[in-house]
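Undergrad: Sequence plus the predicted model coming up.
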Amino acid sequence: MEEIIQKFKQSLNTEDPQYLRVKVIPKSPKTKIINILDDGTWKIRLKAVPEKGKANQELIKYLSKLLGVSKNQISIISGQTDHLKLLRLS
């Protein structure tokens, strides 16, 4: 899993935006990546509750730290209120 994360981090060094599909599980004991599925979807547990955008905010904060990018470089382009989300990283 670490290898896949490192490859994705390296792909962010290009000028082209990168896309990441994420499946979130809110209301978990701890925020962390638990798996990368066969189709490339990252499965992430989030400590935040899915109310008033709190889980989405935590997801962006977590991924910005993990990938070493600023929070404003990450946007949710689909799945704002769904467990399956598509993110754009620029």
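TA: Ah, there it is.

Undergrad: how about the strands in this protein?
TA: 18-25, 32-36, 42-45, 74-78, 84-89 (DSSP state E).

Undergrad: In this structure, what helix or strand scores lowest on average pLDDT?
TA: helix 2-11 (a mean of 87; mean pLDDT, DSSP states H and E).

Undergrad: That one vs strand 32-36, what angle?
TA: Angle, helix 2-11 to strand 32-36, by axes from the mean of the first three to the mean of the last three CA atoms, to 10 degrees: 100 degrees.

Undergrad: Figure out how far helix 2-11 is from the centre of its chain.
TA: Distance, stretch centre to chain centre, for helix 2-11: 13 Å (CA atoms, centre = their mean, to the nearest Å).

Undergrad: Just list what that helix packs against, helices and strands only.
TA: Applying 3 or more CB pairs under 8 Å, 6 or more residues apart in numbering; DSSP states H and E, one finds that helix 2-11 makes contact with strand 18-25, helix 54-67. For every residue, glycine as well, the C-beta is placed using N, CA and C.

Undergrad: Any chance you could give me it in CSV, C-alpha atoms only?
TA: C-alpha atoms of helix 2-11 as CSV (Å, rounded to 0.1, in the frame of the first residue of the first chain):
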residue,chain,number,x,y,z
GLU,A,2,2.9,2.4,0.8
GLU,A,3,4.3,1.9,-2.7
ILE,A,4,1.0,2.9,-4.3
ILE,A,5,0.8,6.0,-2.1
GLN,A,6,4.3,7.0,-3.1
LYS,A,7,3.7,6.5,-6.8
PHE,A,8,0.6,8.7,-6.5
LYS,A,9,2.6,11.4,-4.7
GLN,A,10,5.1,11.3,-7.5
SER,A,11,2.4,11.7,-10.1
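
Undergrad: still on that earlier bit, what's the most buried one of the strands of the chain?
TA: Comparing the strands of the chain by mean neighbour count (mean count of other CB atoms under 10 Å), strand 42-45 comes out on top with a mean of 19.

Undergrad: which one in this protein is furthest away from the centre?
TA: In the chain, Glu15 marks the outermost C-alpha relative to the chain mean, sitting 19.4 Å out by CA atoms, centre = their mean.
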